[in-house]
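# What follows is a predicted protein model with its sequence.
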Amino acid sequence: MSANRKSKDYTVINIGKKCIFRVPNVLRRQNSEAYTPDVVSIGPFHYREKRGKEEGKGGKEGKEGKGEGDFQLMERVKESYVKEILSDVKNITLKELTAEVIKLSDQKNEGAFEQRARDFYAEPLDHISSEDFIAMMIVDGCFLIQLFRKCNDPKLRAFDDPIFNMDCMFHFLCHDILLLENQLPWFVIHILYDLTHDIYPDEASLSILIMKALSILPSLKQSCSSYNKHLRRHKHQSDVDYLHILDLVRASIVIPLRTIEAERAHKAAGNPEEHEVHSGNKDKRDNKVVHEAIFDPDLHQIRTATALSKADIKFRMVKKESIMDIRFEKGGWFRNGILEIPQLNVGMSSETLFRNLIAIEQCYHGYSNEITSYAIFMDNLISSKGDMELLCKEKVIGNWMSDEDGCKFFSNLYKDIPHNKFYYVELCKKLNDRYRLKRYTWLALLKMEKFSNPWRALAFGIAIIALFLTSWSSANNIRVNWHK
């Protein structure tokens, strides 16, 4: 069965906790490779036995027709990682580990392990037997935990480990691990982590372990580092009930901004106490701390980076806890203002990451549209190669692609997505108001023509002095002649 199913299109997933689902065709058609795994299948949607039986051994040609053979290398790695964990945990068997997982799940009185895990998926998965489904959860969960541990601690890696013997393999795996269709329920990974934590007692928490490993990706380096600090400050929130790893990654981008907004709101209200924002898995639509979404599409629009620059609006790269913390600092009479934007590194895996984050925002009922709003705002700034060159020059964008591909990056992200909720309305209004002040456009033109290099500035200065002396001389002659 193809990953891009024609029989059903799960456009909106809003039943219970069914938060792992196939990406709708309307989003997938823009770039199907951004939603389909390359080297590893995690969970049931790209399950190797299912695909082998339904598509035939070897599968169809092309990326979306992957068969069982495409994931064979990682399946062998999974087996070796599970054996390592079983050996470390008192030499137990996989059957005994499975029994411990089910027992621990039952102790939490949150329902039977298998049914609870199945409820996270938006499809019935009747084709996978109970035994195969539980085994898949355990094996895939052990693989992920051991993978992150090995990434953070090179001493745990075997000399012949194919993942870490190839420089690019972990990056390929990260591409697949961050796919919406390739997720495991968070509670499954967390239970396995708890059962194996005694082997590595120095580990702070599962979420910190994952954040540290994913910080190797250029697009996530800043947000993972900032969120790690947030988790260490709020230890009681360090392993809250996320939905899955992609949900944790989204929290690492959004939650630091909410903390900043909360602190601003409390300071504005005259309350200097620190305000904690819960980093749970569901966005509170009535949370007044977070800047509210506006429904007017006309308020989305701002001028491009080069157009704003011509109106004497400068760009400054700033270091912030969240890449979404974009601010505009108004200037005075001779300076329009500065748009402060945290640096975003755009690379090969960036499109996949943002597409899957936007997909879950658009299709799952528990999320607001903050990542989508960020993509819209950045796309408004970047519409040409010149815009990308300007922002790269100011180090706002760390572009690992060509300028041409980079400027297309954001515009392709939300194509065919109705973006009727936007979180940067006030910022756009400030920018548009300052852009309309024509004196700054004239001032910018004067600066560009007369002060673009030292020699022009010197010539302009000499001309002003000459003009002043000429005027003074003429005025003096008039005064002398007048007295005669």
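Structure's in. What do you need?
# isn't L248 right up against S207?
Yes. The criterion here is Cβ atoms under 8 Å, and L248 meets it with S207 at 5.8 Å. Glycine gets a C-beta too; all of them are placed from N, C-alpha and C.
# any shared contact partners between these two?
Shared contacts of L248 and S207, defined by Cβ atoms under 8 Å, 6 or more residues apart in numbering, are found at Y242.
# following the lowest-mean-pLDDT helix or strand in the chain, which helix or strand shows up next?
Sorting the helices and strands of the chain by mean pLDDT, DSSP states H and E puts helix 48-55 at the bottom, at a mean of 46. Going down the chain from helix 48-55, the next helix or strand is helix 72-88, by DSSP states H and E.
# Give me the angle between the following helix or strand past that following helix and helix 72-88.
For helix 72-88, the following helix or strand on the C-terminal side (DSSP H and E) is helix 94-107. The directions of helix 94-107 and helix 72-88 differ by 80 degrees, with axes from the mean of the first three to the mean of the last three Cα atoms, to 10 degrees as the criterion.
# Can you name the residues in contact with helix 94-107?
The contact list for helix 94-107 (Cβ under 8 Å, 6+ apart) reads 82, 85-86, 89, 92, 111-114, 116, 134-135, 138-139, 142, 187-188, 191-192, 194-195.
# Report the buried members of the residues you listed.
Neighbour-count burial (16 or more other Cβ atoms under 10 Å) applied to those gives 82, 85-86, 92, 113, 116, 134-135, 138-139, 142, 187-188, 191-192, 195.
# Provide a list of residues in contact with Y435.
Counted by Cβ under 8 Å, 6+ apart, Y435 has contacts I302, R303, A307, L308, A311, I313.
# cool, and C407?
I382, S383, S384, K385, D387, M388.
# next one: I326
Applying Cβ under 8 Å, 6+ apart to I326 gives the contacts L339, E340, I341, P342, F377, Y424, L427.
# got it, and R327?
R327 is in contact with L339, E340, L427, counting by Cβ under 8 Å, 6+ apart.
# Pairing partners for it in the sheet, please.
E340 (DSSP bridges).
# Just name the closest of the contacts of I326 to A475, please.
Taking Cβ to Cβ as the measure, A475 lies nearest L339 of the contacts of I326, at 44.4 Å.
# my guess is the closest one meets R316, correct?
Yes. Counting by Cβ under 8 Å, L339 touches R316, with 7.1 Å between them.
# out of these two, which sits in the busier spot?
Comparing L339 with R316 by neighbour count (other Cβ atoms under 10 Å), the higher total belongs to L339, at 25 against 13.
# so who does that one touch?
L339 makes contact with L308, I313, K314, F315, R316, I326, R327, F328, E329, L431, according to Cβ under 8 Å, 6+ apart.
# what about L381, distance to M401?
To M401, L381 is 17 Å away according to Cβ to Cβ, to the nearest Å.
# quick one, which of these two is more surrounded?
Remark: of L381 and M401, L381 carries more neighbours, 26 against 16, as counted by other Cβ under 10 Å.
# Who's the closest spatial neighbour of that one, skipping the chain neighbours?
A305 (4.7 Å; Cβ to Cβ, 6 or more residues apart in numbering).
# repeat for S215
In space, S215 is closest to C224, 3.8 Å off (Cβ to Cβ, 6+ apart).
# Am I right that that neighbour sits in a strand?
No. With DSSP: H, G, I helix; E, B strand; the rest coil as the criterion, C224 is located in helix rather than a strand.
# Can you identify each of the strands in this protein by residue range?
313-318, 327-330, 337-342, 344-346, 397-399 (DSSP state E).
# And the pLDDT at L381?
For L381, the model assigns a pLDDT of 91.
# correct me, but it touches D387?
Yes. Here L381 reaches D387: they are 6.3 Å apart, a contact under Cβ under 8 Å.
# overlap in contacts of the two?
Common contact partners of L381 and D387 (Cβ under 8 Å, 6+ apart): T304, A305.
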